[in-house]
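**Q** Curious how this folds, go ahead:
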Amino acid sequence: MNPENLPFSIVIPTYNRPERLRHCLQSLTDLTYPRDRFEVVVVDDGSDSSLEPVVQPFQRDLQLHFLRQPNGGPASARNTGAIAAHGRYIAFTDDDCQPTHTWLAALERAFESNPAALVGGKTLNALPHNVYSTASQVLLDYLYGFYNPTPETATFFASNNFAVPRRHYLELQGFDTSFPLAAGEDREFCDRWHAHRWPMHYAPEVQVRHAHELTLQSFWRQHFNYGRGAFCFHQVRAHRTAGAIKVEPFSFYWQLLTYPLRQLPLHRAIAVASLMFVSQVANVAGFFGERSGQRRQTRFTTSQT
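**A** Numbers count the residues shown, from 1 in each chain. So this is what the prediction gives:
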């Protein structure tokens, strides 16, 4: 297939979430974009049971390719999908996301004026009744405001809603597969992209709804893993740039904790601000836990040689 004739390939990594994948694929059947101008590549990252029965009904309505690999993490699954893709642009989303019906049309407009850019869109909370999901969304909104002060000076996008020219993606060699979790690998990819001085552009009209039901336990685990990913990111960047590990200044964290008070009604803001504090405690625990674990592994490996 000639990539010039296929503008978009949508790549979706998935693992053990059949119902969420079904909702994601259903949303793609509602896209206003012409069906013959995009394909969908679903990569099953070693789920306990094959997700092919979930995918098969949608092959009547979508140009859909289903791949299965041993479990290697979302970074590895995205790379597998990107290598198999045929489109000029690769659009990434996750199995717990539902792109809005104008998603690809909005991406196409963004690429018309920014053909060589990494284009990132806006994530919407599909579960506003869930205070934990709301807190995670508010945190992401804060990060986008901090790292992307204007559309033309963006430096970070979450991998559940961004798209790139395929040739640049392959030149960059995709996501770093040393990140085993869905935590930090998108930040590292954006950092490498930015280091190449390739453009990044924020297009808030490119929207997906994120439906990740969280409890206090899963909220803690999610942000603990983000902390682990943050350490891996800083370590990889320090190694690449031959510099020291650097973290954000104190003002970053103070503004983060007070951000909900400026965005939400007071009764809701207090609950969300409290969870933002919990998220940062979990993040710090994950960061230093990952550092300690890697140091123990290094000492063990050294003692065996």
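
**Q** mind checking which helix or strand residue 208 is in?
**A** Assessed by DSSP states H and E, residue 208 sits inside strand 200-210.

**Q** quick one, what contacts residue 182?
**A** Residue 182 makes contact with 73-74, 94, 225, according to CB atoms under 8 Å, 6 or more residues apart in numbering. Every residue, glycine included, has its C-beta placed from N, CA and C.

**Q** Just among those residues, which is most surrounded?
**A** residue 74 (26 neighbours; other CB atoms under 10 Å).

**Q** Helices of the protein, start to end?
**A** Using DSSP state H, the helices of the chain run over residues 18-28, 52-55, 74-84, 103-113, 131-147, 166-171, 185-195, 216-241, 250-263, 266-303.

**Q** on that earlier part again, closest one to residue 125 out of the contacts of residue 182, please.
**A** Using CB to CB, residue 94 comes nearest to residue 125 of these, at 14.1 Å.

**Q** of the helices of the chain, which approaches residue 206 most closely?
**A** Shortest distance between residue 206 and these, using CB to CB, is found for helix 103-113: 4.5 Å.

**Q** where in the stretch 201-305 of the chain is pLDDT low?
**A** Judged by pLDDT under 70, the stretch 201-305 of the chain has its weakly predicted residues at 242-246, 296-305.

**Q** Dump the strand holding residue 208 to CSV, restricted to CA.
**A** Presented in CSV, the C-alpha positions along strand 200-210 are these (Å, rounded to 0.1, in the frame of the first residue of the first chain):
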residue,chain,number,x,y,z
MET,A,200,5.7,20.2,18.2
HIS,A,201,2.2,21.7,18.0
TYR,A,202,-0.7,21.6,20.4
ALA,A,203,-4.1,21.4,18.7
PRO,A,204,-6.8,21.3,21.5
GLU,A,205,-9.5,20.7,18.9
VAL,A,206,-8.0,17.2,18.4
GLN,A,207,-9.9,15.4,21.2
VAL,A,208,-10.3,12.0,22.8
ARG,A,209,-12.4,11.0,25.8
HIS,A,210,-10.5,9.1,28.5
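
**Q** Which neighbouring elements make contact with it?
**A** For strand 200-210, the packing partners by 3 or more CB pairs under 8 Å, 6 or more residues apart in numbering; DSSP states H and E come out as strand 97-99, helix 103-113, strand 118-125, helix 131-147, helix 185-195.

**Q** circling back: out of the helices of the chain, which comes closest to residue 177?
**A** Using CB to CB, the helices of the chain put helix 74-84 closest to residue 177, at 4.7 Å.

**Q** For that closest one, what is the distance to the chain centroid?
**A** Counting by CA atoms, centre = their mean, to the nearest Å, helix 74-84 is centred 13 Å from the centre of its parent chain.

**Q** count of neighbours near residue 273?
**A** Residue 273, neighbours per other CB under 10 Å, totals 20.

**Q** pretty sure it contacts residue 262?
**A** No - using CB atoms under 8 Å, residue 273 is not in contact with residue 262; the gap is 10.1 Å.

**Q** would you list the helices of the chain in JSON lines and tack on distance to residue 154?
**A** Formatted as JSON lines, the helices of the chain follow (distance: least, CB to CB, whole Å):
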{"stretch": "helix 18-28", "distance to residue 154": "25"}
{"stretch": "helix 52-55", "distance to residue 154": "33"}
{"stretch": "helix 74-84", "distance to residue 154": "20"}
{"stretch": "helix 103-113", "distance to residue 154": "12"}
{"stretch": "helix 131-147", "distance to residue 154": "7"}
{"stretch": "helix 166-171", "distance to residue 154": "15"}
{"stretch": "helix 185-195", "distance to residue 154": "8"}
{"stretch": "helix 216-241", "distance to residue 154": "17"}
{"stretch": "helix 250-263", "distance to residue 154": "17"}
{"stretch": "helix 266-303", "distance to residue 154": "22"}
